[in-house]
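K.L.:
Need coordinates for the following:
(2 chains)
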2 protein chains.
Amino acid sequence: MDRQDIPPIRRAIAELPSSKIREVANLGTGMDGVIPLWFGEPDRPTPDFINRAATAALEAGHTFYTLNRGIPELRSALAEYMTDLHGQPIDVNRVSVTASAMNAIAVIMQSLIDPGDNAVLVAPLWPNIAACVRIMDGEPRFVALQTEEPGWRLDLDHLFDAADERTRAIFINSPNNPTGWTMSGEDQRAVLDWCRARGIWLIADEVYDRIAYSAPRAPSFLDFAGPDDPLIRVNSFSKSWCMTGWRLGWVTAPEAFGGTMEKMNEYNVANAPSMAQHAGIAALRDGEDFIAASVERYRRARDLVFQRLRALPRVELSRPEAAFYAFFKVDGVGDSLAFAKRLVREARVGLAPGVAFGPEGEGYLRLCFAAGLDTLSEALDRLEPALR
Amino acid sequence: MDRQDIPPIRRAIAELPSSKIREVANLGTGMDGVIPLWFGEPDRPTPDFINRAATAALEAGHTFYTLNRGIPELRSALAEYMTDLHGQPIDVNRVSVTASAMNAIAVIMQSLIDPGDNAVLVAPLWPNIAACVRIMDGEPRFVALQTEEPGWRLDLDHLFDAADERTRAIFINSPNNPTGWTMSGEDQRAVLDWCRARGIWLIADEVYDRIAYSAPRAPSFLDFAGPDDPLIRVNSFSKSWCMTGWRLGWVTAPEAFGGTMEKMNEYNVANAPSMAQHAGIAALRDGEDFIAASVERYRRARDLVFQRLRALPRVELSRPEAAFYAFFKVDGVGDSLAFAKRLVREARVGLAPGVAFGPEGEGYLRLCFAAGLDTLSEALDRLEPALR
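P.N.:
Numbering: from 1, shown residues only, chains lettered A, B, ... in the order given. Purely as a prediction, here's the structure:
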């Protein structure tokens, strides 16, 4: 064996693309003064009241393994939080704590996708979802959102037509990263009905549910789904409570799926970090003011970014009603990765290339506006010459 | 569709056994006064100096996503720690931080095992390893350790004979959970030579490396492996530094495997918890006295447990030279799960049934002696009548 070689890696893994967002970020990380708006992450650290709960948990000795599906106090707090928020009783037995929404989606795909199975994904979409399907030798099938005034639209017939007898799941991320597209409650009902009738799982990634600008929260499948509906709903503490580093999320699913979550957590990461789970209780209990203030801050950022970008003739975008991204098309840009790299080098602003979210996103750029107004103003000043 | 039904789960997942250790623990958790020695976990919480480092990290705002392979400061600290410990230069580019050793093993198996591939595992063994292979539709092939005065022994010919053209990895957990078996450096060299010659990965799970009673540490593959050898060595902060709840581990592998670790972390859990990574730096820097004191405490516990168990005519065990388990055979016990449940009900002591570690462990029980001497004395007082 050539000493430079290593033994085989699975083809599915070797062929997994690296993140194109990270490719841009890697280019810019060594440079002075680049304004980084490439990642999907709030710019503020976790609020103190949440940190203090973690510190108290450490001091109280909560440093041991927990139950695979999470500590009972957090599961109860989540059930109460969702019951209040959605006006529907959510039983604690439907709730599993996970080590991030990402990890939840990974173990869910591991639970559902055999080689040759497929999952239907609405795109553009965060690329990690398709990666989880590919890791299981499954086929991600993309159904494109359509741009249409005043925003993005999903044609449900296109969605349903993409499914066949090997379809194990429909995956809906609403509010959507990167477009901000938010599915209506009416469409949600139609999709869940369709899945229920066919015995196909509906995986709903609702991590941006609390970051909504025209309502206190985005429509959720939990607003109407029954406890035994084939819904696996994923959420996270990362975006609403600025807890990206903590790796804490949760799944709400039929009680009959709980045993699978328990086993898959055990055989993947055992449990979410113990101190993060205690911090999560504080976030749920005392976090509403923080969420409200964050959304107001993002709203002002959105308005600034939207007004300034739409004033540029080459730029097309719709006003995002949720999440914290401006996803905009630039006339004449065919290679968004090359263009994003050019913006880093020449404008010193870091954006995510649209193609990172699938071919449906080519020609677009994503700007994360979870940042201060001064930072965003400066970034727009720098971007405008390149986008004119 | 019957409303009680849910859509299909993969057969490989539905057939995954639940943990038999947890089955015993579930029985005992509701009972008063059961002494729990079933899990593989130190009884002491994380030491304060490590907790304080996490608190400081939170206060400093280290609450964001980190690089997939971990923060550079922790990776450097790990490279230095291993370079010192093993007397071999370990380059930082070989090191990837993971969200626990469990998560590392899960993503490693996802990277290597296609359907129908196999991994050769030395058993008895922590059941989660085989589960990771089965999740990928792979075949775990067990090679049994043999009992032999004064301890356990692996026949290398048996190990090599179990491999065939579909073998993607040999998995060695030494020091071994549950037996305490520790592979000699000589045998380690023979196994690595064999893997190198055949282009087969060697996965070395060395999470108990610092808990050794006849040497400052157990022999490690890192004592002699070259930087490009086909070795993936897994370790954890859980056992040595009492950090089970934190979910922090690391992988040392050829630099050419680093891209796979980066992608697989990204698509599984993104990164180990940020505050845990900062805590890990403190553990490495200031943790040697703590490890030494812990091992002395476990040594006294081991001596007590060994002396009292070996005095029982029905009990057979060898003295563990590493890890913190007494793995003993009880004459006349054919069903270790039923017997462990009986011990919970009648003796109020919680042990892990040997069959949880594979059929090779049937007839055995595992007692975790990472506990105080008073607790262990009381547990032995209660166990003796049932084991006589």
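
K.L.:
What strand or helix carries the residue nearest to residue A:133 when sequence neighbours are not counted?
P.N.:
Nearest non-adjacent residue to residue A:133, counting by Cβ to Cβ, 6 or more residues apart in numbering or on different chains: residue A:140, 4.4 Å away. For every residue, glycine as well, the C-beta is placed using N, CA and C. Counting by DSSP states H and E, the element that carries residue A:140 is strand A:139-144.

K.L.:
where exactly do the helices run in chain A?
P.N.:
Taking DSSP state H as the criterion, chain A carries its helices at A:11-14, A:20-29, A:48-59, A:72-86, A:101-112, A:127-135, A:156-161, A:185-198, A:258-266, A:274-286, A:288-310, A:336-342, A:373-387.

K.L.:
show me the contacts for the spatially most central residue of chain A.
P.N.:
Nearest residue to the geometric centre of chain A (Cα atoms, centre = their mean): residue A:207, 5.4 Å. By Cβ atoms under 8 Å, 6 or more residues apart in numbering or on different chains, the contact set of residue A:207 is A:101, A:173, A:177, A:234, A:235, A:236, A:238, A:239, A:249.

K.L.:
Contact partners for the nearest residue to it once chain neighbours are set aside?
P.N.:
Nearest non-adjacent residue to residue A:207, counting by Cβ to Cβ, 6+ apart: residue A:236, 4.3 Å away. Listed by Cβ under 8 Å, 6+ apart, the contact set of residue A:236 reads A:100, A:101, A:207, A:248, A:249, A:250.

K.L.:
Residue A:31 too?
P.N.:
Residue A:31 neighbours (Cβ under 8 Å, 6+ apart): A:344, A:345, A:348.

K.L.:
roughly how far apart are it and chain B?
P.N.:
As judged by Cβ to the nearest Cβ, to the nearest Å, residue A:31 and chain B stand 17 Å apart.

K.L.:
what does residue A:350 give?
P.N.:
15 Å.

K.L.:
so that residue makes contact with residue A:24?
P.N.:
Yes: with contact defined as Cβ atoms under 8 Å, residue A:350 reaches residue A:24; the gap is 6.2 Å.

K.L.:
returning to that earlier point: of the helices of chain A, which stretch is the most buried?
P.N.:
helix A:101-112 (a mean of 26; mean count of other Cβ atoms under 10 Å in any protein chain shown).

K.L.:
Now neighbour count, distance to chain B and pLDDT too, for the contacts of residue A:31, in TSV please.
P.N.:
Output for the contacts of residue A:31, formatted as TSV (neighbours: other Cβ atoms under 10 Å in any protein chain shown; distance: Cβ to the nearest Cβ, whole Å; pLDDT from 0 to 100):
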residue	neighbour count	distance to chain B	pLDDT
A:344	23	18	97
A:345	12	22	96
A:348	17	21	97
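
K.L.:
Who are the contact partners of the closest residue to residue A:386 other than its chain neighbours?
P.N.:
Excluding the flanking residues, the one nearest residue A:386 by Cβ to Cβ, 6+ apart is residue A:347, at 5.0 Å. Contact analysis of residue A:347 by Cβ under 8 Å, 6+ apart lists A:382, A:383, A:385, A:386.

K.L.:
List the strands paired with the strand holding residue A:140, with their directions.
P.N.:
Counting by DSSP bridges, the strands paired with strand A:139-144 are strand A:118-123 (parallel).

K.L.:
can you give me the mean pLDDT across the strand it pairs with?
P.N.:
In this model, strand A:118-123 has an average pLDDT of 97.

K.L.:
Equivalent analysis for stretch A:315-322, please.
P.N.:
Across stretch A:315-322, pLDDT averages out at 95.

K.L.:
ok so, going back, shared neighbours, residue A:350 and residue A:24?
P.N.:
Contact criterion Cβ under 8 Å, 6+ apart; residues shared by residue A:350 and residue A:24: A:38, A:340, A:344.

K.L.:
Dump the residues you listed to a markdown table, plus distance to residue A:315.
P.N.:
Output for the shared contacts of residue A:350 and residue A:24, formatted as a markdown table (distance: Cβ to Cβ, whole Å):
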| residue | distance to residue A:315 |
| --- | --- |
| A:38 | 18 |
| A:340 | 14 |
| A:344 | 18 |
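
K.L.:
Out of those residues, which is nearest to residue B:68?
P.N.:
residue A:38 (14.8 Å; Cβ to Cβ).

K.L.:
show me the contacts for the nearest residue to the closest one once chain neighbours are set aside.
P.N.:
Distances taken as Cβ to Cβ, 6+ apart place residue A:350 nearest to residue A:38, at 4.2 Å, with adjacent residues excluded. Contacts for residue A:350 (Cβ under 8 Å, 6+ apart) come out as A:24, A:25, A:28, A:34, A:35, A:36, A:37, A:38, A:340, A:343, A:344.

K.L.:
Count the neighbours of residue A:201 for me.
P.N.:
Neighbour count for residue A:201, taken as other Cβ atoms under 10 Å in any protein chain shown: 24.

K.L.:
quick one: the closest residue in space to residue A:73 that isn't next to it in sequence from residue A:245, how far?
P.N.:
Nearest residue to residue A:73, sequence neighbours excluded (Cβ to Cβ, 6+ apart): residue A:281, at 5.8 Å. Counting by Cβ to Cβ, to the nearest Å, the gap between residue A:281 and residue A:245 amounts to 18 Å.

K.L.:
Measure how far stretch A:71-89 is from the centre of its chain, please.
P.N.:
Its chain's C-alpha centre and that of stretch A:71-89 lie 21 Å apart, by Cα atoms, centre = their mean, to the nearest Å.

K.L.:
One more: stretch A:38-50?
P.N.:
Using Cα atoms, centre = their mean, the offset of stretch A:38-50 from its chain centre is 15 Å.

K.L.:
Which positions in it come out as buried?
P.N.:
A:38, A:39, A:40, A:41, A:42, A:43, A:44, A:45, A:46, A:47, A:50 (16 or more other Cβ atoms under 10 Å in any protein chain shown).

K.L.:
re the thing from before, dump the contacts of residue A:31 into TSV; add distance to residue B:88 as well.
P.N.:
Shown next, in TSV, are the contacts of residue A:31 (distance: Cβ to Cβ, whole Å):
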residue	distance to residue B:88
A:344	39
A:345	41
A:348	43
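
K.L.:
about what we covered before: figure out which of the helices of chain A is closest to residue B:10.
P.N.:
When the helices of chain A are compared (using Cβ to Cβ), the closest one is helix A:101-112, at 6.1 Å.

K.L.:
Run the contact check for that closest one versus chain B.
P.N.:
Yes: figure legend: helix A:101-112 in contact with chain B (Cβ under 8 Å from any Cβ of the partner chain); contacting residues A:102, A:103, A:106, A:110, A:111, A:112.
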